[in-house]
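1. sequence-free structure coming up:
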């Protein structure tokens, strides 16, 4: 700090505003519960600190100088900001204000995410959300690097980060088949956007499979491949895409079929129909992950919202097999 230009005390600024409002040192001193001489000395100290005259004084009157008049609204603004610091700090401590940086997998965008954001926004309207769509692997790297606060991911998760992260399962939903409408018609499924008539993997096997690349979504990829394997089938990979919207669009274009979470029925595309699988399951899980040692009040509030949704699977870590 420059000792030649010490910071101006808020106390002196409050004195200045009071004198400016009263235009009388005696009345201003009475409002401030002090005597007039210390108030006059304080105003002179403020003028000395600022290097300008704020008041023009005579024996009979006190008036603001042009500089004082121009400075008055700025001082009032500064004091209002200072007065707001305490309630802001209390709101931050309660998690009622601040910023939450949240990433999410594309599958969460069509069922889980909107309800979480709606509930969180209703309870914490003063919190600003920064949302980023990313695959699970990217989210983990961003989380470990401290660039996001939490992420909605699909396990399994890399074991090298398990000790530093916490994971809370949120939702577990079955996979359904997304297939081109013309293929559904050929299979006798009809072209309704959604029907309860199940389709078997044997019926889907001749069609190319549109899927996430394994390197980006190993958990989701392995669930799908395990489903085919359990049926004694080896799927023919037609196309790979890193966003669920793109996968469904490729299905709409007749590039193949896809297995997607049931909530993806909310993603409507012309020429795409969704059908349940004839086998029980498989299921895909979505959970919240965050740095275990860094839970801010804002993040704690979001975790409470997540817990309120209720997990349907045990809160355990799922590690990648080496």
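-> That came through, no problem. This structure is a prediction, so every number in the text was calculated from the model and none was measured.
2. burial of the closest residue to residue 126 other than its chain neighbours, as a residue count?
-> Excluding its sequence neighbours, the residue lying closest to residue 126 (C-beta to C-beta, 6 or more residues apart in numbering) is residue 97, at 4.3 Å. Every C-beta, even on glycine, is put in place using the N, C-alpha and C of the backbone. Residues contacting residue 97 under the criterion other C-beta atoms under 10 Å number 19.
3. My guess is residue 97 contacts residue 127. True?
-> Yes. Here residue 97 reaches residue 127: they are 6.4 Å apart, a contact under C-beta atoms under 8 Å.
4. Quick check: neighbours shared by these two?
-> Shared contacts of residue 97 and residue 127, defined by C-beta atoms under 8 Å, 6 or more residues apart in numbering, comprise residue 298.
5. Quickly note the distance from residue 279 to residue 177.
-> Relative to residue 177, residue 279 is positioned 11 Å away (C-beta to C-beta, to the nearest Å).
6. can you check residue 191 too?
-> Taken as C-beta to C-beta, the spacing of residue 191 relative to residue 177 amounts to 14 Å.
7. Same drill for these two, tell me which one is more crowded.
-> Looking at residue 191 and residue 177 with other C-beta under 10 Å, you find the greater number of neighbours at residue 177, namely 25 against 13.
8. Run through the residues that contact that one.
-> For residue 177, the contacting residues are 199, 204, 257-260, 274-277, by C-beta under 8 Å, 6+ apart.
9. for it, helix, strand, or coil?
-> strand (DSSP: H, G, I helix; E, B strand; the rest coil).
10. ok, back up a step: turn the contacts of residue 177 into CSV, columns for neighbour count and secondary structure.
-> Compiled in CSV, those are given as follows (neighbours: other C-beta atoms under 10 Å; DSSP: H, G, I helix; E, B strand; the rest coil):
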residue, neighbour count, secondary structure
199, 23, strand
204, 23, helix
257, 28, strand
258, 29, strand
259, 27, strand
260, 27, strand
274, 24, strand
275, 24, strand
276, 16, strand
277, 19, strand
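11. Where does pLDDT dip in the stretch 1-150 of the chain?
-> Scanning the stretch 1-150 of the chain with the threshold set as pLDDT under 70 gives 1-6, 88, 91-92, 95-96.
12. what's across from the residue sitting nearest the centre point of the chain in the sheet?
-> When the chain is reduced to its mean C-alpha position, the nearest residue by C-alpha atoms, centre = their mean turns out to be residue 102, at 3.2 Å. Listed beta-bridge partners, residue 102: residue 131, residue 150 (assigned using DSSP bridges).
13. Would you confirm that residue 228 contacts residue 235?
-> Yes. Contact between residue 228 and residue 235 holds when scored by C-beta under 8 Å: they sit 4.8 Å apart.
14. what residues are shared contacts of these two?
-> A shared contact of residue 228 and residue 235, defined by C-beta under 8 Å, 6+ apart, is any residue touching both; here these are 205, 209.
15. Neighbour count: these two, which is higher?
-> Between residue 228 and residue 235, residue 235 has the larger neighbour count (other C-beta under 10 Å), namely 21 against 17.
16. Identify the residues contacting that one.
-> Residues touching residue 235, when contacts are defined by C-beta under 8 Å, 6+ apart, comprise 205, 209, 211, 224-225, 228.
17. helix/strand/coil for it?
-> Following three-state DSSP, the label given to residue 235 is coil.
18. Now do it against residue 202, distance only.
-> Taken as C-beta to C-beta, the span from residue 235 to residue 202 is 12 Å.
19. With residue 217 instead?
-> Using C-beta to C-beta, one obtains 25 Å as the distance from residue 217 to residue 202.
20. Could you check which of the two is surrounded by more residues?
-> When residue 217 and residue 202 are compared for neighbours, residue 217 comes out ahead with 23 against 11, by other C-beta under 10 Å.
21. ok, the residue nearest to residue 82 when sequence neighbours are not counted - how many residues close by?
-> Distance criterion C-beta to C-beta, 6+ apart; nearest residue to residue 82, sequence neighbours excluded, is residue 10 at 5.6 Å. Counted with other C-beta under 10 Å, the burial measure for residue 10 works out to 13 neighbours.
22. No further queries at this time; thank you.
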